[in-house]
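[1] Got a sequence here, can you model it:
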Amino acid sequence: AGAVMARYARVAEEAGIVLVVGLALDHGGGTRNAAVVWDADGTLRGMASKRFLWDFDRRWFTAGDDSPVFEPAAGRIGVLVCADGRMPEIARLLAVRGAEIILDPTAWVTAGGDPSTWTNPQFEHMLRTRARENGVWTVAANKVGIERDAIAYCGRSCIIDPAGDVVAEAPSDRPGIAMEDVEPRAPAFPVTRRPDLYRRLTAPTADLAVAHTT
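    Residues are numbered from 1 along each chain as shown. Presented below is the predicted three-dimensional model:
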């Protein structure tokens, strides 16, 4: 792991880019499905672990317990991992913490006979909704192609503006790059936040009426 981390640090420094890479790492007493962030000078800024373990993820990974916001050269960046984008609360926490861009390193699986039409619900509407409901730029980097002759990934890495519109998109059937000039900005929540109205959502399950029904 050390050699891999050092190599990515060199890539970030030599290219002068902020680099976010998905890696499986032993951390905090378990193996994490993690997104690691390097600054443009090669400095390691930290990592975010996937919090919503999807399906068979639970066989191998320990769930993350925080959603940090990093401050590399590109601005305040919040990072979530893959199916974390299905959960409104995770992106909202990043936005409340001041993320100017939300990044999602992901592995969107897909199916179908024609690779030119491959897609995934997270590309079609879930991640766009996260961008719109928080008024924040959102970027996804996805795998593409067939892995081990068994699992297909739909590509479509994309950049989504704060209104929820896809402004740049990579192909679904081959490697590609999505590029767009982005001006980082603080989240602009389209609806006034009223956390006093939904505190019950954060109450422990054992305290809820649903836990006492028979």
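[2] the helices in this structure, which residues?
    Under the criterion DSSP state H, the chain contains helices at 2-15, 88-96, 121, 127-134.
[3] of those helices, which approaches Ile146 most closely?
    Of all those, helix 121 sits nearest to Ile146, with 19.7 Å by C-beta to C-beta. C-betas here are computed from N, CA, C, even on glycine.
[4] re earlier: deepest-packed of the helices of the chain, please.
    Highest mean neighbour count of the helices of the chain: helix 127-134, a mean of 22 (counted as mean count of other C-beta atoms under 10 Å).
[5] Counting by contacts, list what that helix packs against.
    Identification of packing neighbours for helix 127-134 by 3 or more C-beta pairs under 8 Å, 6 or more residues apart in numbering; DSSP states H and E yields helix 88-96, strand 101-106, strand 137-142, strand 158-160.
[6] That helix vs helix 88-96, what angle?
    Here the directions of helix 127-134 and helix 88-96 differ by 50 degrees (axes from the mean of the first three to the mean of the last three C-alpha atoms, to 10 degrees).
[7] what pairs with Val109 across the strands?
    Beta bridges link Val109 to Tyr153, judged by DSSP bridges.
[8] For the helices and strands packed on helix 127-134, give me a markdown table that also has distance to Cys82.
    Shown next, in a markdown table, are these (distance: least, C-beta to C-beta, whole Å):
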| stretch | distance to Cys82 |
| --- | --- |
| helix 88-96 | 11 |
| strand 101-106 | 4 |
| strand 137-142 | 9 |
| strand 158-160 | 14 |
